[in-house]
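Chemist: Sequence and predicted structure are below.
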Amino acid sequence: MDKAREAKSCKLGDRSTSDITVRLSNREGRPEWFYSHSSILINKSKFFADRLSHLDSTACIEIHCSDFDYDDHVSLLRLLYLPENSVVDSLDSVKTAIGILQVAVALQCEEITQSCIQYLEASPWEDKEEEEIIKAVSKLGPVAMPIVARLQPVDLSTTRNVFVSAIRFAMSIGGPCLPFGDELITSAREQVEYMLEEDDDTPLITADDEVKSVVKTGLSKICSSFEKELSSLLLESDLTSEAVEDKVLRSLSDLEWTCNILPKMDLMKEFVCNWTEISGNILTVVEDRKLDSLMWGLKAKLIQVTGKVLEAVGYGNVILPPACRVQLLKSWLPYIRKMKPLLDSKGNEELGFPHKMDEDLCESIEGAIVSLILALPSNDQAEILADWMNTEQVRYPDLSEAFEVWCYRTKSAKRRLVEGLDKVGSAAVSL
């Protein structure tokens, strides 16, 4: 009788044809006997083949199991009696396959090991199952590595290509993402943010010239789109429509998202320069009389985005020439000074008004402005501080700290000048 016919005629537990007994016992000592066939065990397991070659007259092989893998041993014994091409189909869950795989490797059952690997490699995993698989593979070694092929890091070129594609979707560089639209954009942005989190691969991705080029293109497009949407407000016949403001706010939110990711790519200077360039047009529109009592959400959001720019420049993360820093302050300081009390007033008048500047934002912007002023040439500082003190509204931002430092520096500078002149005079007399 050949091996295939013999295996087909044998059944686990058939005492009438059995010539070997496998005894499984767990930690509690609970034994269970399985009437087996040496021809099957030898053919399917190197472990059993080795044991049977040294077996004494008892014709019983004892295997000690733990509470956790007892059922897996039983399942493996049953699988030994199946044709090789039926093993994969008999596996019914990831959890079962992980357990059987570990027993199969221990008992050197090559066919069942490969079937479990094939099943696990192709099956979807839950998060908890993935953790168990990783733990099991780490113990099993190279034989089980094909299972975790989906978890292996890809090469840098592929990583860059995926990242660039995500950036294109996130910034809508290729146009609208129909039919998924907003859902795909949101998903792409989440993945871009995730890929930019601190890890070993991030510098290799963000330092790539192609990636930076794509991001710069996207930033330019978003800035242009926002400027266009904002300018169109003055052409609208009904500015009270929420849809009109929502459209502009959405464009500004795109710009804000871009602002949030650029520091992680060392591209914040690009944003600052673009924002400075379009600031004049932004303020011309938003301070137009048509919008005097409208678009509070837009006006508040502009302060938030500008605050990020002021922080980047004020704390030295973005280096700009003095003239550019002065222009940035002269553009936005009057607007912030004017808008803060208006937003506070609206908040006091309307219950639940959502656009007031919160305390953290106020402190952040105020600190950035003070830092920015103190880094300017002293004459520019004097001009800005004089303008601040001449306004009716000097409560916010509070520039008294900058004023005190300027006074101290000015006095110290004058003292140094006088002392220097005295030294020069003394030297002349001695000659």
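Modeler: Received the coordinates, thanks. Computed from a predicted model, the values in this text were never measured in an experiment.

Chemist: going forward, measure contacts between C-alpha atoms and count neighbours the same way
Modeler: Will do.

Chemist: isn't residue 225 right next to residue 252, touching?
Modeler: No - here residue 225 lies out of contact with residue 252, judged by CA atoms under 8 Å, at a distance of 9.1 Å.

Chemist: what mean pLDDT does the helix or strand where residue 364 lies have?
Modeler: Assigned by DSSP states H and E, residue 364 belongs to helix 359-374. Across helix 359-374, the average pLDDT comes to 96.

Chemist: what are the phi and psi values for the residue nearest to residue 191 when sequence neighbours are not counted?
Modeler: Take residue 191 and drop its neighbours on the chain: the residue closest to it by CA to CA, 6 or more residues apart in numbering is residue 166, 7.4 Å away. Main-chain dihedrals, residue 166, degrees, to the nearest 10: phi -60, psi -40.

Chemist: try residue 267
Modeler: Dihedral angles of residue 267 (phi, psi; degrees, to the nearest 10) stand at phi -120, psi 20.

Chemist: any idea how far it is from residue 169?
Modeler: According to CA to CA, to the nearest Å, residue 267 stands 19 Å off from residue 169.

Chemist: What of residue 149?
Modeler: Taking CA to CA as the measure, residue 149 and residue 169 are separated by 27 Å.

Chemist: Name the residue in these two with the higher neighbour count.
Modeler: A count of neighbours by other CA atoms under 10 Å puts residue 169 above the other of residue 149 and residue 169, at 24 against 11.

Chemist: OK, contacts around the nearest residue to the more buried one once chain neighbours are set aside?
Modeler: Excluding its sequence neighbours, the residue lying closest to residue 169 (CA to CA, 6+ apart) is residue 185, at 5.7 Å. By CA atoms under 8 Å, 6 or more residues apart in numbering, the contact list for residue 185 reads 169, 170, 171, 172, 177.

Chemist: The second one: neighbour count?
Modeler: Which is residue 170. Residues near residue 170, counting by other CA under 10 Å, number 25.

Chemist: residues in contact with it?
Modeler: Taking CA under 8 Å, 6+ apart as the criterion, residue 170 is in contact with 184, 185, 186, 188, 189, 192.

Chemist: Doesn't the last one belong to a helix?
Modeler: Yes - with the criterion set as DSSP: H, G, I helix; E, B strand; the rest coil, the secondary structure at residue 192 is a helix.

Chemist: Looks like it contacts residue 162 (just checking).
Modeler: No - with contacts counted by CA under 8 Å, residue 192 stays clear of residue 162, the gap being 9.7 Å.

Chemist: between these two, who's got more neighbours?
Modeler: Using other CA under 10 Å as the criterion, residue 192 and residue 162 rank with residue 192 on top: 20 against 13.

Chemist: any idea how far residue 225 is from that one?
Modeler: Taken as CA to CA, the span from residue 192 to residue 225 is 21 Å.

Chemist: The stretch 1-150 of the chain: strands as residue ranges?
Modeler: With strands called from DSSP state E, counting those that start in this stretch, the stretch 1-150 of the chain shows them at 20-25, 31-36, 60-64.

Chemist: all helices of the stretch 201-350 of the chain, in order?
Modeler: Using DSSP state H, counting those that start in this stretch, the helices of the stretch 201-350 of the chain run over residues 202-206, 209-231, 242-261, 268-286, 296-314, 322-349.

Chemist: Now render those as CSV, adding mean neighbour count.
Modeler: Output for these, formatted as CSV (neighbours: other CA atoms under 10 Å):
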stretch, mean neighbour count
helix 202-206, 16
helix 209-231, 18
helix 242-261, 17
helix 268-286, 17
helix 296-314, 20
helix 322-349, 16
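
Chemist: As CSV, these with distance to residue 35 and mean pLDDT would be great.
Modeler: CSV is the format used below for those (distance: least, CA to CA, whole Å; pLDDT from 0 to 100):
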stretch, distance to residue 35, mean pLDDT
helix 202-206, 58, 58
helix 209-231, 65, 93
helix 242-261, 66, 93
helix 268-286, 73, 96
helix 296-314, 75, 97
helix 322-349, 83, 94
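
Chemist: Identify whichever of the ones you listed lies nearest to residue 101.
Modeler: Among these, helix 202-206 comes nearest to residue 101, with 35.9 Å by CA to CA.

Chemist: returning to what we had before: for residue 115, find the nearest of the helices of the stretch 201-350 of the chain.
Modeler: Short answer: helix 202-206, nearest of those by CA to CA, at 37.4 Å.

Chemist: picking that back up, and residue 154, which of the strands of the stretch 1-150 of the chain is closest to it?
Modeler: Comparing these against residue 154 with CA to CA, the closest turns out to be strand 60-64 (41.3 Å).

Chemist: Output the closest one as PDB, nothing but the C-alphas.
Modeler: Output of strand 60-64 as PDB, limited to C-alpha atoms (Å, rounded to 0.1, in the frame of the first residue of the first chain):
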ATOM      1  CA  CYS A  60       3.800   5.500  23.400                       C
ATOM      2  CA  ILE A  61       5.100   9.000  22.800                       C
ATOM      3  CA  GLU A  62       4.400  11.500  25.600                       C
ATOM      4  CA  ILE A  63       4.400  15.200  24.900                       C
ATOM      5  CA  HIS A  64       4.100  17.800  27.700                       C
END
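
Chemist: partner strands of that strand, parallel or antiparallel?
Modeler: With DSSP bridges as the test, strand 60-64 is paired with strand 20-25 (parallel).

Chemist: and residue 285, how far is that from residue 183?
Modeler: To residue 183, residue 285 is 31 Å away according to CA to CA.

Chemist: Please apply the same query to residue 77.
Modeler: 49 Å.

Chemist: In terms of neighbours, single out the busier of the two.
Modeler: Taking neighbours as other CA under 10 Å, residue 77 and residue 183 compare with residue 77 leading, 18 against 12.

Chemist: Now that one: closest residue in space that isn't a chain neighbour?
Modeler: That would be residue 12: by CA to CA, 6+ apart, it lies 7.8 Å from residue 77.

Chemist: Residue 245 too?
Modeler: Excluding its sequence neighbours, the residue lying closest to residue 245 (CA to CA, 6+ apart) is residue 295, at 6.4 Å.

Chemist: isn't that neighbour right next to residue 247, touching?
Modeler: No - using CA under 8 Å, residue 295 is not in contact with residue 247, being 11.5 Å away.

Chemist: returning to that earlier point: for the strands of the stretch 1-150 of the chain, which one sits closest to residue 117?
Modeler: Nearest of these (CA to CA): strand 60-64, 23.6 Å.

Chemist: Average the pLDDT values over that closest one and round to the nearest integer.
Modeler: Per-residue scores along strand 60-64 average to 89.
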